[in-house]
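Participant: Quick one: sequence and predicted model below, then my questions.
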Amino acid sequence: MRSVALSSGAGGPGPDLAAAAGRRAPAEAIVAYQRAIGAPEAAVRMAMRLADPRAAVIVAGQQPGLLGGPLFTLVKALTAVARAKALARETGVPVVPVFWVASEDHDLDEVNRVNLVDRSDEFRTFRLPIAPDGRMLSEVDPGPHAAALLAEVDAALDGTQHRGAATAPLLACLAPSLGRWFAGILAQWAGWEGLVVVEPWLFRSAATPLVDLVRNDPGAIRRACGPGPLTIAPIPLFRVDSGRRTRPEAISEIPDDPNRVSFDVVTRVLAQNLVLPVAGHVVGPSEGAYCRQVAPAHALLGVLAPPLLPRASVTLVEGKVERALAAFGVDLARVLAGGEAALAGAGSSPVEFERALSDVERALAEAYPAVRAAAERVDEVLTRKAAGAEEALRQSIDRLRAHARRAMDRVTGRGEERRRTVLNHLVPRGERQERILSPLPFLARHGPGLVRDLVRVLVEHPQGELAVFLSGREN
C-alpha cells in the first residue's frame, strides 16, 4: 500500500491543550456506554483515560449513516484517532479520540442508504424500507427490516476474502436504534485503534449551564456569533416529545427535564466543547464554516473554542482501478477533477484506426497510377504484375479492416468495462468516492488491517487530498 498527497491542504493551527483546560468529561457514563455498544477493550481503556484531569480530546462527529455511512465518515473518525496519537506522543498527556454521533438528527432520507460497487463493478444502493416520520434517528428501529438488508449486502460482497470479518459487526451490533447501531459498527471498525464513540444524550445533564444560558437570555448566542452560513434560531434548542424534536416558541416551552432537551447545530458545537476537554475539532469544509461562526459564543460559557482541524479527503485506489487508469492513459487527479469528461477520447478508438486505414487507401489511389504508368513503359508482363500487386494491396487493406473491426469490438467492450470500473469506483454518480461509497467493500476485500494502515497514513498526512493505493495489499 502506498499513499500520495494530491494536495497538502490549507495550513492552520494544530491541537491546543489550552483549549481543553478546566473541563472534565463524564468518564463513568462514557465508559459504560462503550461496554453497552460492545466496543473493543481498547476503546474502553481509552474512555477510562477521560477520568484523568490532564486528559484532552480530539473530537469529530457526523450523523449516523446506515451500516456505518459513507467512507468519509470513517476517514473523519480515523483522522481524530491519528491526531490524538500524534498529540499524545508530542505532549505526553492522555489524548482521547472521541466521535460524537449526531443521533438526535431527524433526517432519515439523508442517511438511509448504503452505496457500494460489487464484484462486477456495478453501482448498487440498499435502503431500509422505513418512511421518515419526524422521529430522531436514535428513535428509529431498524429491527424487522435489518435481516433482509444485511442478507442483500452480504450477497453483494460474495467472493471477497474478508467478507465475514467485514459483515459480522453489522449483525452483532444491531440495536433498536439507528444511532446506536451505527455507534456499535463504528466502534467495531475503529475502536481497536482507541476511538471512543458517544451520543448526545450522554451529555444532557452536564450541559445544563448551556440550557440555562438559553433559558435566561435566548438571544445571547445569536448576538455573540459571528457572520457565517447559519441562520441562528431565536431559541437554539429543541424540545423532545415522543421521540420527535420541535423548536420551542417561547422560553416557557423549554422542558425542565434535561432528558427532554436536544441541541441544534449551534448548541451541539457549544455543548460538545463545554462538556469535553476538546483540544481540537476535526471538521469538513462546511462544518468548519459554521464552527467558525459559533466560535465567539464560547466566551459566554467561559470556555475556549478549540482549533478546527480540517479532515483529510481520501480516495482508495484498488489494483484493477489503477490498471484501468493506466490503460486509458489518464491520471487519478484528472479523473477526480473532471469525472466522466476526463475519459473522453482516452484509450483506443475504432474511429481513429478506420481513419488511418482510409488515409492509406487515399495514398495508394494517389500514388499507384504512377507505378502502373512506369510498368507500362517497360513491358506487358510488368504491367500485369503491377496491376495484381495493386489489387493484392487493396484486398490486404480490406482484410485488415475486417480484422480491425473485430478487434475493436473486443477492445471497445473492454474499454466500456474499464470505464465503468473507473467511474463507479472513483466518481460514482459524479461525486467523490468518499461521499458516496460505503467502506464495507474495501474492508471485505482488504480486511480489518486496512483501518490500521489508514491511521498510519493519516498520522503522516492528517489533512489535504490523499490517494491511497491498495494494490500492495492484494494477493
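Facilitator: Ah, there it is.
Participant: tally of neighbours for residue 259?
Facilitator: 10 (other Cβ atoms under 10 Å). Glycine gets a C-beta too; all of them are placed from N, C-alpha and C.
Participant: Low-confidence regions, the chain specifically.
Facilitator: 1-2, 5-12, 345-351, 404-414, 473-475 (pLDDT under 70).
Participant: at 80 instead, please
Facilitator: Applying pLDDT under 80 to the chain flags residues 1-14, 16-25, 344-355, 357, 398, 401-415, 472-475.
Participant: Strands of that one, start to end?
Facilitator: Shown for the chain, the strands assigned by DSSP state E span residues 2-7, 56-62, 95-101, 114-117, 123-126, 196-198, 237-241, 244-246, 261-263, 278-283, 308-310, 312-317, 464-469.
Participant: Tell me which of these approaches residue 439 most closely.
Facilitator: strand 312-317 (8.3 Å; Cβ to Cβ).
Participant: buried set for that closest one?
Facilitator: Neighbour-count burial for strand 312-317, counted by 16 or more other Cβ atoms under 10 Å, picks out 312-317.
Participant: Could you dump the strands of the chain into a markdown table and include distance to residue 183?
Facilitator: Converted to a markdown table, the strands of the chain look like this (distance: least, Cβ to Cβ, whole Å):
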| stretch | distance to residue 183 |
| --- | --- |
| strand 2-7 | 28 |
| strand 56-62 | 11 |
| strand 95-101 | 5 |
| strand 114-117 | 17 |
| strand 123-126 | 20 |
| strand 196-198 | 5 |
| strand 237-241 | 19 |
| strand 244-246 | 19 |
| strand 261-263 | 17 |
| strand 278-283 | 17 |
| strand 308-310 | 22 |
| strand 312-317 | 22 |
| strand 464-469 | 25 |
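Participant: Relative to residue 437, which of those is closest?
Facilitator: Judging these by Cβ to Cβ, what sits closest to residue 437 is strand 114-117, at 5.5 Å.
Participant: so how far is that closest one off the chain centroid?
Facilitator: Strand 114-117 has its average C-alpha position 12 Å from the chain's average C-alpha position, going by Cα atoms, centre = their mean, to the nearest Å.
Participant: Could you do stretch 364-371 as well?
Facilitator: 62 Å.
Participant: a markdown table for the buried residues of strand 312-317, including distance to residue 50?
Facilitator: Listed next are the buried residues of strand 312-317 as a markdown table, based on distance: Cβ to Cβ, whole Å:
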| residue | distance to residue 50 |
| --- | --- |
| 312 | 25 |
| 313 | 29 |
| 314 | 28 |
| 315 | 34 |
| 316 | 32 |
| 317 | 37 |
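Participant: Determine the angle, from 0 to 180 degrees, between the helix of greatest length in the chain and strand 464-469.
Facilitator: For the chain, the helix that runs over the most residues, judged by DSSP state H, is helix 380-426. On the basis of axes from the mean of the first three to the mean of the last three Cα atoms, to 10 degrees, helix 380-426 is oriented at 120 degrees to strand 464-469.
Participant: Show me what helix 380-426 is packed against.
Facilitator: If you count contacts as 3 or more Cβ pairs under 8 Å, 6 or more residues apart in numbering; DSSP states H and E, helix 380-426 packs onto strand 312-317, helix 319-328, helix 332-338, helix 350-376.
Participant: out of these, nearest to residue 160?
Facilitator: helix 319-328 (13.2 Å).
Participant: Kindly check the end-to-end length of stretch 433-441 for me.
Facilitator: 12 Å (Cα to Cα, to the nearest Å).
Participant: returning to that earlier point: among the helices and strands packed on helix 380-426, which is nearest residue 111?
Facilitator: strand 312-317 (20.3 Å).
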